[in-house]
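**Q** Below is the structure, and that's it, no one-letter string:
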């Protein structure tokens, strides 16, 4: 019998379970136990949050590697290739490695049904746990408490941010969503938190006696641009906050998490000194996260971003306002899934958007174009144009940007709205070049 290719496996696991999302850990725990998976001596880090998980993991991953540690990462979703989800020392695993891991999961699961995400999570664990790495960075896919990744026991838990997203699954208040995400906390296990955590998160951390490190309290960027981190329950000051185009909240979380991990890896706290931090900061300064304000062309100002909720829109607004104040025309190529708060996103970005170019996503959960246009038009007075496909919208944006006359303002184009949007854009530019 011929071995399945990775493409064959992905087609297969897409059809093995009817539900795209199915809450509950009993099924995946059973297969995990039967696979006899064990992270061994690897330090396990669980990373949850509404926004910022991927960029925070990338910063920690890159810095740890620069400090001489070996590190694995599991993130989701991917943009172009499934392999992006599983990395060892920042390198994606091969098609053959993934196919073999899927085969091992299939042999053990027998009649136990698994969702696409559960199947992929177990395959990722199979590859990462057997690699003998110092640190494993595991991104929670949705929520926390009932996410398949949460079946492992962490040595460090991180919650980057809490915002209103996936409300059908997680609850419709920040307190409810926070409690779901706090499901990744464990008794007396260190916890690093972003700023403005709901009271439910902090209450759960206190209940579990977690040594907690809270952004803007236990680690901060100081007025003189120094960094203050907490090591061994003592605040220590370090110089030179990294200059990188990522949210300050996530940079601080990454630095504090690296400090915690250095201690957890049985290195004396004194070893985390200015030299150690300088190495981490240099690594972080060089991080380029795909799909996070990623500049896609050299000759035009075109950026891609996976941001898809109001919290992400606030960050994008800061970026766009900076460029709008430089007398640039701002055009937004945008689409959305049905469950996203398009009106709030449009309202947040209204002060800096000169033109919206809308198109439907090629996905069964895509928001219809007429509803998308209605939501945008209700929240902005900017020009709103509609197109039959993302490719046509991008082409129109490039045409607008290329038709600059001598007296016209330069044009900045942001293509955003979801991983599906960024994927479509990357495929467009791949053929465009």
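**A** Yes, it's here. It should be emphasised that the depicted structure is a prediction, and the values quoted were computed from it without experimental measurement.
**Q** just for the chain, where's the confidence low?
**A** 1-2, 17-23, 164-172, 239, 268-270, 404-407, 432-433 (pLDDT under 70).
**Q** Domain ranges for it, per the record?
**A** Following the assignment in automatic domain parsing, the chain carries domains at 6-285, 294-432.
**Q** could these go into JSON lines alongside mean neighbour count?
**A** All C-beta atoms are positioned from the backbone trio N, CA, C, and that covers glycine. What follows is the domains of the chain, written out as JSON lines (neighbours: other CB atoms under 10 Å):
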{"stretch": "domain 6-285", "mean neighbour count": "19"}
{"stretch": "domain 294-432", "mean neighbour count": "18"}
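**Q** Now do the helix or strand where residue 279 lies: which elements does it pack against?
**A** Assigning secondary structure by DSSP states H and E places residue 279 in helix 274-285. Where contact means 3 or more CB pairs under 8 Å, 6 or more residues apart in numbering; DSSP states H and E, helix 274-285 is packed against helix 53-66, helix 248-264.
**Q** Would you check that residue 277 makes contact with residue 254?
**A** No: using CB atoms under 8 Å, residue 277 is not in contact with residue 254, being 11.5 Å away.
**Q** ok, back up a step: distance to residue 414 added to the helices and strands packed on helix 274-285, as CSV?
**A** As requested, these are exported to CSV (distance: least, CB to CB, whole Å):
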stretch, distance to residue 414
helix 53-66, 17
helix 248-264, 19
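**Q** SS state for residue 87?
**A** Look at residue 87: counting by DSSP: H, G, I helix; E, B strand; the rest coil, its state is strand.
**Q** Was I right to think it contacts residue 78?
**A** No: using CB under 8 Å, residue 87 is not in contact with residue 78; the gap is 11.0 Å.
**Q** Can you check which residues contact both of the two?
**A** Contact criterion CB atoms under 8 Å, 6 or more residues apart in numbering; no residue bridges residue 87 and residue 78 by contacting each.
**Q** At which residues are the strands of the stretch 201-350 of the chain located?
**A** Assigned strands in the stretch 201-350 of the chain, in chain order: 212-214, 220-221, 227-231, 234-238, 294-295, 301-305, 329-334 (criterion: DSSP state E, counting those that start in this stretch).
**Q** do the stretch 1-150 of the chain as well
**A** Counting by DSSP E, counting those that start in this stretch, the strands of the stretch 1-150 of the chain are 43-48, 71-74, 86-88, 91-92, 135-139.
**Q** Now render the ones you listed as JSON lines, adding distance to residue 428.
**A** JSON lines is the format used below for those (distance: least, CB to CB, whole Å):
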{"stretch": "strand 43-48", "distance to residue 428": "30"}
{"stretch": "strand 71-74", "distance to residue 428": "27"}
{"stretch": "strand 86-88", "distance to residue 428": "25"}
{"stretch": "strand 91-92", "distance to residue 428": "22"}
{"stretch": "strand 135-139", "distance to residue 428": "27"}
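**Q** Let me know the helix or strand that residue 393 is in.
**A** Counting by DSSP H and E, residue 393 is part of helix 390-402.
**Q** any idea how far the residue sitting nearest the centre point of the chain lies from residue 377?
**A** By CA atoms, centre = their mean, the chain has its centre lying nearest to residue 54, at 2.8 Å. Distance, residue 54 to residue 377, using CB to CB, to the nearest Å: 31 Å.
**Q** Repeat that for residue 11.
**A** 39 Å.
**Q** coming back round to it: for residue 174, find the nearest of the strands of the stretch 201-350 of the chain.
**A** Residue 174 lies closest to strand 212-214 among those, at 15.9 Å (CB to CB).
**Q** Sheet partners, orientation included, of the closest one?
**A** strand 191-193 (parallel) (DSSP bridges).
**Q** outside of the strand it pairs with, which residues touch it?
**A** With CB under 8 Å, 6+ apart as the test, strand 191-193 has contacts from 156-159, 185, 201-202, 205, 210-215, 253, 256-257, 260.
**Q** rewinding a little: please name whichever of the helices and strands packed on helix 274-285 is nearest to residue 7.
**A** When these are compared by CB to CB, helix 53-66 sits nearest residue 7, at 24.0 Å.
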